[in-house]
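Colleague: sequence unknown, structure follows:
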C-alpha cells in the first residue's frame, strides 16, 4: 500500500470517529456537538488526523487558512492538512462538499494564511482548540 492510500484509509477512519464523537455524551460541551457536517470541527479533526498519520510515519502539516466556494468572495476560516503537495481535508462537508474525505493535489477552494502558526485559529472558541486529550477521546470512538 502506498502512502496516499494509507492517508485515505486513516482519514476515513478518523472521519468516522469524528462522526461518532459528535453524537456522544462526551461531546455535549463542544461547538460541534451534533453537527452532522462536522462544522466547527476542522481544527480538532485535522489535529486528530495529523496525530494518526504520524503513527504511519506520514508527517502532514497543519494548515490554517480559508475555504472559498465557487462564487464566494470572502471565504470561511478553515483548517486542513498538507503533505507533499496534497490537501487532506475531512471536514469540507460543512461547506456543502459531498465527499467526506478529500485528498487532492490542488484545489481553488483552499487558500493558506500568509503566516502559519501552530493552532492559531483565533476567535473560534476554546471548544474548537485541538488537544491531545480531545484527540484521544475522538479516536476512542473509532
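Modeller: Received the coordinates, thanks. Not measured: the values here are computed from a predicted model.
Colleague: Scan this structure for its longest helix.
Modeller: The longest helix of the chain (DSSP state H) is helix 3-21.
Colleague: For it, which outside residues touch it?
Modeller: The contact list for helix 3-21, computed with CB atoms under 8 Å, 6 or more residues apart in numbering, reads 1, 27, 36, 38, 41, 44-45, 48-49, 52-53, 56, 58, 60, 83, 86, 88, 90-91, 100-101, 103, 137-139, 141-142. No exception for glycine: its C-beta is placed from N, CA and C like everyone else's.
Colleague: Also stretch 129-142?
Modeller: When contacts are defined by CB under 8 Å, 6+ apart, stretch 129-142 is touched by residues 13-14, 16-18, 20-21, 24, 26, 43-48, 51-52, 119, 121.
Colleague: Give me the buried stretch members for the longest helix of the chain, please.
Modeller: 7, 10-11, 13-15, 17-19, 21 (16 or more other CB atoms under 10 Å).
Colleague: Can you tell me which of the residues you listed is closest to residue 109?
Modeller: Residue 109 lies nearest to residue 11 out of the buried residues of helix 3-21, by CB to CB, at 16.9 Å.
Colleague: Please tell me how far that closest one sits from residue 85.
Modeller: Per CB to CB, to the nearest Å, residue 11 is found 16 Å from residue 85.
Colleague: Residue 10 too?
Modeller: Distance, residue 10 to residue 85, by CB to CB: 18 Å.
Colleague: Direction included, what does the helix or strand of the chain with the lowest mean pLDDT pair up with?
Modeller: For the chain, using mean pLDDT, DSSP states H and E, the weakest element among its helices and strands is strand 110-112, scoring a mean of 86. Sheet partners assigned to strand 110-112 using DSSP bridges are listed as strand 61-67 (antiparallel).
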